[in-house]
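K.L.:
model this:
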Amino acid sequence: VDRLPAPGVCLEVDALGRVPLDEPSRLVFRHARELAAKTGALYEAGRFEEAEALSNPGDAGVPAIVTSLVHYERGRVLHKLGRLDEARLLLKASALASTGLRDDDMAGAAWAELGFLVGFLQGKPAEASEFVELARAHLPASRDPRAEERVEGSVANILTRQGRFAEADPHFARVLELVERRTGPDSFFTARSLTNLGNGRLRQKRNAEALPLIERALALFEKTLGPQHPDTFQALNSLGAAFGEAGRLEESVGVFQRVVDGYLATLGPKHPNVGTAHFNVAEANARLGRHRDALVAYERALEVWTAGLGLDSAHRVSALAGIGKSTRGLGDLARARTVLDEALMVCGRVECEPSDEGDAAWWLAVVAFESKRPWAEVEAALLRSKRAFAVTGSAGSAELARCDRALATRRVEQP
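P.N.:
Residues are numbered from 1 along each chain as shown. The predicted structure follows:
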């Protein structure tokens with residue numbers, strides 16, 4: 001922690017100059033600032049359990065300045081521990097307290113972090129957009145050089161969750177430009193921005209552009225944070241995805257399994273990223289035709305996401321679609337249909353990522369056709385898949401062509 005660069009340790013807050021404080025209040029402020037800075041340093045070092053223990057100020061009589069500073073850092077830590085509902089409450093409390101203290105820097109930071117948590121991790125982009133607009137409202141008065149980075153990053157992640165990958169790309173690129181200018185080309189902050197931009201390019205099928213970004217990020221993380229940091233495993237996860245897109249599926253399975261083990265060791269079993277890692281193992285196995293291995297990993301992803309995010313989490317849709325795909329591959333069409341119906345019912349209650357909804361609808365069409373269901377039922381699933389993939393633009397062109405082919409021939413063919 002002591003060796004972390006200054007941007008990861010220092011919390012620049014100017015509340016002393018904006019809010020008149022008596023001497024006891026000044027002491028409380030200094031203590032809160034010191035506690036928040038130590039918590040932030042532990043967060044950057046990936047020592048989340050220590051940060052959680054340090055940052056708990058108690059429940060009764062917490063001064064507003066403590067709520068503003070410490071709750072912000074504690075909310076970020078709880079998000080890393082998979083305690084998203086608690087993190088959400090603390091970040092909102094920090095945003096409101098900071099607004100009351102007329103601290104535009106902290107208020108903007110808390111609203112932007114809340115936008116990312118709700119919009120991307122909890123899969124509620126419409127709700128999160130309101131928080132991002134509140135963060136944006138603090139930009140003109142903010143003196144924090146990170147303020148625009150936070151807003152742009154939250155916007156990019158919300159657009160990604162909505163399947164609007166091409167629209168997200170310039171926001172990710174802007175964040176990289178700002179961060180690299182502020183912290184230099186070799187910082188772990190730059191590595192995070194490279195990872196996000198690389199992931200965005202992968203989603204757009206721009207694989208040749210994505211791979212060097214991800215490889216550079218991974219090398220920077222290993223150099224600055226070490227091989228056992230969660231951010232390093234995040235970049236490694238992206239590398240596995242790049243291998244998969246390049247057809248290097250056996251390599252990707254091994255990489256994804258390393259990510260599972262790394263996340264379990266650093267984030268614990270409940271964090272949504274653990275579910276994502278299991279899901280990626282499943283996807284690679286499914287593409288290799290290993291339906292039983294894929295099914296086990298999809299079910300693990302579903303278990304993690306259900307426990308951490310609830311039954312109406314949009315994340316569950318991708319796992320349910322995968323379970324349906326795998327059980328169909330194993331010959332159990334009845335179970336496949338039940339699971340795929342459940343996935344689409346979730347999409348009827350919450351805003352799902354379009355590619356996940358489109359995938360679930362496609363596999364329902366496959367199962368309905370192979371079960372010799374009425375064509376009207378098959379057609380309805382195909383049209384739903386087509387509507388969902390249309391939102392993703394060019395990234396969904398192959399899936400749209402697949403649906404059009406099936407609708408024209410009245411045959412749904414899937415190896």
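
K.L.:
give the other helices and strands that the longest helix out of those in the chain contacts.
P.N.:
Counting residues, the longest helix found in the chain (DSSP state H) is helix 23-44. Under the contact definition 3 or more CB pairs under 8 Å, 6 or more residues apart in numbering; DSSP states H and E, helix 23-44 sits against helix 6-9, helix 15-18, helix 48-54, helix 64-80. For the C-beta atoms, the positions are set from N, CA and C on the backbone; glycine is no exception.

K.L.:
how distant is that helix from the center of its chain?
P.N.:
On the basis of CA atoms, centre = their mean, to the nearest Å, helix 23-44 sits 28 Å off its chain's mean C-alpha point.

K.L.:
ditto for stretch 226-236
P.N.:
With CA atoms, centre = their mean, you get 15 Å for stretch 226-236.

K.L.:
so for it, what's the average pLDDT?
P.N.:
The average pLDDT for stretch 226-236 rounds to 94.

K.L.:
what comes up buried for that stretch?
P.N.:
Buried residues in stretch 226-236, counted by 16 or more other CB atoms under 10 Å: 229, 230, 231, 232, 233, 234, 235, 236.

K.L.:
also stretch 81-92?
P.N.:
For stretch 81-92, the neighbour count (16+ other CB under 10 Å) marks 81, 82, 83, 84, 87, 88, 90, 91, 92 as buried.

K.L.:
which of the residues you listed sits closest to residue 407?
P.N.:
Of all the buried residues of stretch 81-92, residue 84 has the smallest distance to residue 407: 39.5 Å, by CB to CB.

K.L.:
my read: that closest one touches residue 313, true?
P.N.:
No. If you go by CB atoms under 8 Å, residue 84 and residue 313 don't touch, sitting 9.8 Å apart.

K.L.:
hey, what's in contact with both of those two?
P.N.:
Overlap of the contact sets of residue 84 and residue 313 (by CB atoms under 8 Å, 6 or more residues apart in numbering) consists of residue 122.

K.L.:
got any ranges where the protein has weak pLDDT?
P.N.:
Within the chain, the ranges that satisfy pLDDT under 70 run 1-26, 57-65, 415.

K.L.:
can you rerun that using 50?
P.N.:
In the predicted model of the chain, residues 1-20, 59-60 satisfy pLDDT under 50.

K.L.:
tell me where it has strands.
P.N.:
Ranges of strands in the chain, per DSSP state E: none exist.

K.L.:
show me the helices in the stretch 251-400 of the chain, by range?
P.N.:
All helices of the stretch 251-400 of the chain, identified by DSSP state H, counting those that start in this stretch, fall at 272-287, 291-309, 315-329, 333-349, 354-370, 375-390, 397-409.

K.L.:
will you turn these into CSV that also has mean neighbour count and distance to residue 117?
P.N.:
Shown next, in CSV, are the helices of the stretch 251-400 of the chain (neighbours: other CB atoms under 10 Å; distance: least, CB to CB, whole Å):
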stretch, mean neighbour count, distance to residue 117
helix 272-287, 24, 10
helix 291-309, 20, 11
helix 315-329, 25, 13
helix 333-349, 18, 20
helix 354-370, 25, 19
helix 375-390, 19, 25
helix 397-409, 15, 29
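
K.L.:
looking at the ones you listed, which is closest to residue 150?
P.N.:
helix 272-287 (20.0 Å).

K.L.:
coming back round to it: can you flag which of the buried residues of stretch 226-236 belong to helices?
P.N.:
Those of those lying in helices (DSSP H): 230, 231, 232, 233, 234, 235, 236.

K.L.:
any idea how far residue 372 is from the closest residue in space to residue 289 that isn't next to it in sequence?
P.N.:
With CB to CB, 6 or more residues apart in numbering as the criterion, residue 289 has its nearest non-adjacent residue at 7.6 Å, and that residue is residue 329. Distance from residue 329 to residue 372, counting by CB to CB, to the nearest Å: 18 Å.

K.L.:
still on that earlier bit, would you turn the helices of the stretch 251-400 of the chain into CSV with distance to residue 71?
P.N.:
CSV is the format used below for those (distance: least, CB to CB, whole Å):
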stretch, distance to residue 71
helix 272-287, 21
helix 291-309, 21
helix 315-329, 26
helix 333-349, 30
helix 354-370, 32
helix 375-390, 38
helix 397-409, 43
